[in-house]
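**Student:** Sequence and computational prediction follow.
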Amino acid sequence: MIRRIVTNSVDLVKFVFALGLTLSRPQKQHVLNLVDAFLVSDERKTIANLNRQLVEAKDDSSVAHTFRDSPWQAADIRSKVLVFLVRTAVELARTLGLAKVICLSIDDSLCVKDAATRHLEGVAWHHDHNASSKKQAAYKNGSVYLVCHLKIGFISFAINWRMYLREKTVRRLNRQRGPGKRLKFRSKYRLARQMLAEIAPLLPADFQVYILFDSWYSSAKLIKYCRRQQWHVIAGLKSNRCLNGKKLSQWNQDLRHTRYEQVSLPAADSSNKTYFVRSLTGRLNEVSFDVCVLISKRHPRSKSPAYFLCTDLSLSAQESLVWYQDRWPIEVDNFYLKTRLGLADYQMQRFEAIAKFHALVFLALAYLQYRLVQSLAAEKLAQQTPSSTSLKSVADVIRLHRAEHEVILLKTVCHMALLHNSVSPVLDIFLRPFSTTTSPSEVTA
């Protein structure tokens, strides 16, 4: 097994130092090493596997100490990344003359752990609405996080996140915690509102802001909060929500003989899909202003329509649904976080240590997205046509990052082999022995 990281990536070092993190020099070096290893490693992102990527690897216990006992907080990194990415996005949008429209998407996702996992504080059984059906509810063991994604044209960043704990889990954990160390329960609505409250001071007044979320977050409280900030909301709705005192499912029945508006929307595979839409204007229960509700079907005879809300009455059905499609990047974020960066691979017991692990994974994603956006912006400023070697996705940035490490590794190996006039010392340094046993730090941090 080859140790791949000879020195930290220059671009990664520049990005991390640009954030202005309030970390000591050893803490910052651990952060750089771990984030670099997240990007390079193809294995599960355990502490031992991450540490094995480094040629000058530290002891596994010292790396575990970074999460378990080191005094830095996940919130410190999260807030610095938030400020840096929002300012970068706004400045780039002004420089490139992009439309002054900011889309903020909010969603939650589940990091699935083994069903037998019991002693990790952030892990509990959660309802999985994706795997559930109308007849059978599904539950999975794991941890839940919320993420907020910002999009301005092609500029796309995951800018904020929170970990969610059930109220029952918080009560159980607090029984074993002393005063000053107890956790506070916050519902998903409250966490979403906290994220938006942190972002609000960073948003320029001359940009129109649209908040996008699915039907699980379309509460009257959150809708009204967004409108008090002069933001518009485009969101999904459940069929039992009431418009002008009547359920949306009943409105669908009452309007069955009225004409549809055909809306054509681009799909992820570059094709176009046509939807059949009816529009209504009125007031939802507990919402004191008019909204537009869209009843959308994939086929006129479909018996399972989708319902959408838009508070901007100046938008057409076509425009509203096009903006709602900007929720797709947040699903892409979840894919990379869990399948490429190992967000669910933590093995730390304490909740605070798991939050630090999440902070470094989100930092790795922020670096990838920042580098991608910088590359795309440079092409647009130079008015160049994208070539076959241009960066087009986060996956391209991961491949480039790994290729850069491979070039450095190959040059270093060749230089050392020539210097020693022997291959043996080179193999001792760059090959790590294969072991079938698991180190204690890999089991728990």
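**Tutor:** Happy to help now that I have it. Computed from a prediction, not measured in an experiment: that's the story for all the values here.
**Student:** Where do the strands of the stretch 251-400 of the chain begin and end?
**Tutor:** Counting by DSSP state E, counting those that start in this stretch, the stretch 251-400 of the chain has these strands, from start to end: 261-266, 272-282, 291-297, 306-310.
**Student:** Can you pull out the residues in contact with the last one?
**Tutor:** Translated: strand 306-310. 215, 218, 223, 232-239, 241, 248, 284, 291-297, 320-321, 324 (C-beta atoms under 8 Å, 6 or more residues apart in numbering). Placement of C-beta: from N, CA and C, glycine included.
**Student:** And the helix or strand containing residue 62, what's buried?
**Tutor:** Using DSSP states H and E, the element containing residue 62 is helix 60-68. Buried residues in helix 60-68, counting neighbours by 16 or more other C-beta atoms under 10 Å, are found at 60, 63, 64, 66, 67, 68.
**Student:** Thought residue 347 was touching the last one, still the case?
**Tutor:** When you say that, I think you mean residue 68. No - assessed by C-beta atoms under 8 Å, residue 68 is found out of contact with residue 347, at 11.1 Å.
**Student:** Quick check: the gap between residue 96 and residue 222.
**Tutor:** Separation of residue 96 from residue 222 (C-beta to C-beta, to the nearest Å): 31 Å.
**Student:** I should have written residue 233 there, sorry.
**Tutor:** In terms of C-beta to C-beta, residue 233 sits 8 Å off from residue 222.
**Student:** residues shared between the contacts of the two?
**Tutor:** Common contact partners of residue 233 and residue 222 (C-beta under 8 Å, 6+ apart): residue 213.
**Student:** Tell me the buried residues in the biggest strand by length in the chain?
**Tutor:** What stands out as the longest strand in the chain, according to DSSP state E, is strand 139-152. Residues 140-152 are the ones in strand 139-152 that count as buried (16+ other C-beta under 10 Å).
**Student:** What is the most widely separated pair among those residues?
**Tutor:** Distance extremes for the buried residues of strand 139-152: the farthest pair is 141 and 152 at 37.4 Å, using C-beta to C-beta.
**Student:** of the contacts of strand 306-310, buried ones?
**Tutor:** Applying 16+ other C-beta under 10 Å to the contacts of strand 306-310 flags 215, 218, 223, 232-237, 239, 241, 248, 284, 291-297, 320-321, 324 as buried.
**Student:** follow-up on the earlier one: reformat the strands of the stretch 251-400 of the chain as CSV; add mean pLDDT and distance to residue 415.
**Tutor:** Listed next are the strands of the stretch 251-400 of the chain as CSV, based on pLDDT from 0 to 100; distance: least, C-beta to C-beta, whole Å:
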stretch, mean pLDDT, distance to residue 415
strand 261-266, 93, 50
strand 272-282, 95, 54
strand 291-297, 97, 62
strand 306-310, 97, 60
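**Student:** mind checking which of these is nearest residue 425?
**Tutor:** Smallest distance to residue 425 across the strands of the stretch 251-400 of the chain (C-beta to C-beta): 56.5 Å, for strand 261-266.
**Student:** Relative to the whole chain's centre, how far out is that closest one?
**Tutor:** In terms of C-alpha atoms, centre = their mean, to the nearest Å, the centre of strand 261-266 is found 28 Å from the chain centre.
**Student:** Give the buried residues for it.
**Tutor:** Across strand 261-266, burial judged by 16+ other C-beta under 10 Å covers residue 263.
**Student:** Stretch 251-259 too?
**Tutor:** 251, 252.
**Student:** Which residues does it contact?
**Tutor:** Contacts of stretch 251-259 (C-beta under 8 Å, 6+ apart): 239, 243, 246, 278, 280, 293, 295, 305.
**Student:** want to throw the residues you listed into JSON lines with distance to residue 255?
**Tutor:** JSON lines is the format used below for these (distance: C-beta to C-beta, whole Å):
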{"residue": "239", "distance to residue 255": "14"}
{"residue": "243", "distance to residue 255": "11"}
{"residue": "246", "distance to residue 255": "11"}
{"residue": "278", "distance to residue 255": "5"}
{"residue": "280", "distance to residue 255": "8"}
{"residue": "293", "distance to residue 255": "11"}
{"residue": "295", "distance to residue 255": "7"}
{"residue": "305", "distance to residue 255": "10"}
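**Student:** Taking these together, which two end up most distant?
**Tutor:** For the contacts of stretch 251-259, and using C-beta to C-beta, no pair is farther apart than 246 and 305, which are 15.0 Å apart.
**Student:** more neighbours, these two?
**Tutor:** Taking neighbours as other C-beta atoms under 10 Å, residue 246 and residue 305 compare with residue 305 leading, 20 against 13.
**Student:** what separates that one from residue 299, distance-wise?
**Tutor:** 10 Å.
**Student:** now swap in residue 211 and tell me
**Tutor:** 30 Å.
**Student:** Compare those two and say which is more crowded by neighbours.
**Tutor:** residue 211 (25 against 9).
**Student:** What pLDDT is listed against that one?
**Tutor:** On pLDDT, residue 211 comes in at 98.
**Student:** how close does it sit to residue 364?
**Tutor:** The value you get for residue 211 to residue 364, if C-beta to C-beta is used, is 26 Å.
**Student:** residue boundaries of the strands in the stretch 51-200 of the chain?
**Tutor:** Ranges of strands within the stretch 51-200 of the chain are 101-112, 124-127, 139-152, 155-164, based on DSSP E, counting those that start in this stretch.
**Student:** Now do the end-to-end distance for stretch 145-158.
**Tutor:** 13 Å (C-alpha to C-alpha, to the nearest Å).
**Student:** which residues does residue 291 bridge with?
**Tutor:** Counting by DSSP bridges, residue 291 is bridged to residue 282.
**Student:** can you pull the buried residues of stretch 106-125?
**Tutor:** Buried, per 16+ other C-beta under 10 Å, within stretch 106-125: 106-113, 120-124.
**Student:** ditto for stretch 375-384
**Tutor:** Neighbour-count burial for stretch 375-384 flags 375, 376, 377, 380 (criterion: 16+ other C-beta under 10 Å).
**Student:** what's the closest non-adjacent residue to the first one?
**Tutor:** Sequence neighbours aside, residue 391 is the residue nearest to residue 375 in space, at 4.3 Å (criterion: C-beta to C-beta, 6 or more residues apart in numbering).
**Student:** what about residue 404, how many neighbours?
**Tutor:** 15.
**Student:** Please disregard the earlier target; I meant residue 414.
**Tutor:** 11.
**Student:** Same check on residue 87?
**Tutor:** 12.
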